[in-house]
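Colleague: A predicted structure for the sequence below; I have some questions about it.
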Amino acid sequence: MGELLLRRLFLAVLPFPSALMLCVSELWRRKQSDVMTFVQRVRCWDHRRQPAIGRPTRPDKARRLGDKAKQGYVVLPCPSRRGGRKRPVPKGIVYSKPKHQGITQLKFQRNKRSVAEELLGASWVDSGCSPPTGSSLWMLLTAPSATTPRINWLCKPVHKHGELHGLTSAGNKYRGLRGKGHTHHKARPSSPRATWKRNQTVSLRRYR
């Protein structure tokens with residue numbers, strides 16, 4: 001009965017974009033419903049056929065990440081391989097004994113979404129659309145030719161590679177900076193590990 005009411009509500013709010021966003025977000029909350037199962041099954045078949053994603057699969061999530069329906073915003077798919085991360089070894093040269101090489105079976109400290117994030121943000125594609133070799137994400141990018149000052153500052157050289165410094169949404173998550181208040185003061189200013197190391201290190205200045 002609830003799914004039937006949800007379908008009728010979805011058809012009723014189609015002419016109104018703001019109400020449609022609320023309906024889409026409510027639909028994603030019920031991932032086990034028949035409507036969501038059918039949508040994921042169709043999208044799984046569609047995404048594997050198409051080499052690109054023309055628009056985000058979740059408009060409400062893209063709006064929260066900063067997407068706008070205007071020039072300068074680009075959506076691209078990004079595959080993420082399943083499993084751990086191998087340590088890069090240029091030309092196969094390892095400067096250690098085989099016992100201490102440590103190439104495979106290493107656990108990457110960052111999450112996979114932070115690896116795929118560039119500039120504005122990234123989000124997971126539907127859970128049913130993941131290929132056998134890994135997961136799929138869609139990235140939200142900004143074009144260098146965009147004339148909007150609100151997003152064009154991201155293309156300046158001083159702001160490049162912010163994802164490598166943990167300055168994106170997923171970067172703040174693996175750095176433990178999601179919460180606020182006195183219960184999270186040990187995670188500031190950079191990360192819990194860096195804060196603990198700084199507090200445990202004795203620094204004796206020359207002039208003190």
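Modeller: Done, it's in. Because the structure is predicted, anything quoted here is derived from the model rather than measured.
Colleague: Can you pull the poorly scored residue ranges out of the protein?
Modeller: 1-18, 52, 118-136, 146-147 (pLDDT under 70).
Colleague: Going along the chain, name the strands of it.
Modeller: Using DSSP state E, the strands of the chain run over 73-81, 121-124, 134-142.
Colleague: Give the buried residues for the first one.
Modeller: Of the residues in strand 73-81, those buried by neighbour count under the rule 16 or more other CB atoms under 10 Å are 73, 75, 77-78, 80. (C-beta placed from N, C-alpha, C; glycine too.)
Colleague: In contact with His165, which residues are there?
Modeller: Gly171 (CB atoms under 8 Å, 6 or more residues apart in numbering).
Colleague: Would you quantify the distance from it to Ser96?
Modeller: 28 Å (CB to CB, to the nearest Å).
Colleague: How about Met36?
Modeller: In this view, Met36 and Ser96 are 50 Å apart by CB to CB.
Colleague: Between these two, which is the more surrounded one?
Modeller: Met36 (18 against 8; other CB atoms under 10 Å).
Colleague: Can you dump the C-alpha atoms of stretch 166-182 in PDB for me?
Modeller: C-alpha atoms of stretch 166-182 as PDB (Å, rounded to 0.1, in the frame of the first residue of the first chain):
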ATOM      1  CA  GLY A 166      42.200  15.500   2.200                       C
ATOM      2  CA  LEU A 167      40.200  18.700   1.400                       C
ATOM      3  CA  THR A 168      37.200  17.100  -0.100                       C
ATOM      4  CA  SER A 169      34.100  15.600   1.500                       C
ATOM      5  CA  ALA A 170      35.500  12.100   1.700                       C
ATOM      6  CA  GLY A 171      38.800  13.500   2.800                       C
ATOM      7  CA  ASN A 172      37.200  15.200   5.800                       C
ATOM      8  CA  LYS A 173      35.600  11.900   6.600                       C
ATOM      9  CA  TYR A 174      38.700   9.700   6.700                       C
ATOM     10  CA  ARG A 175      40.500  12.500   8.600                       C
ATOM     11  CA  GLY A 176      37.800  12.300  11.300                       C
ATOM     12  CA  LEU A 177      36.500  15.900  10.800                       C
ATOM     13  CA  ARG A 178      32.800  15.100  10.400                       C
ATOM     14  CA  GLY A 179      31.700  16.100  13.900                       C
ATOM     15  CA  LYS A 180      32.000  19.400  15.900                       C
ATOM     16  CA  GLY A 181      32.200  20.400  19.500                       C
ATOM     17  CA  HIS A 182      34.300  19.500  22.500                       C
END
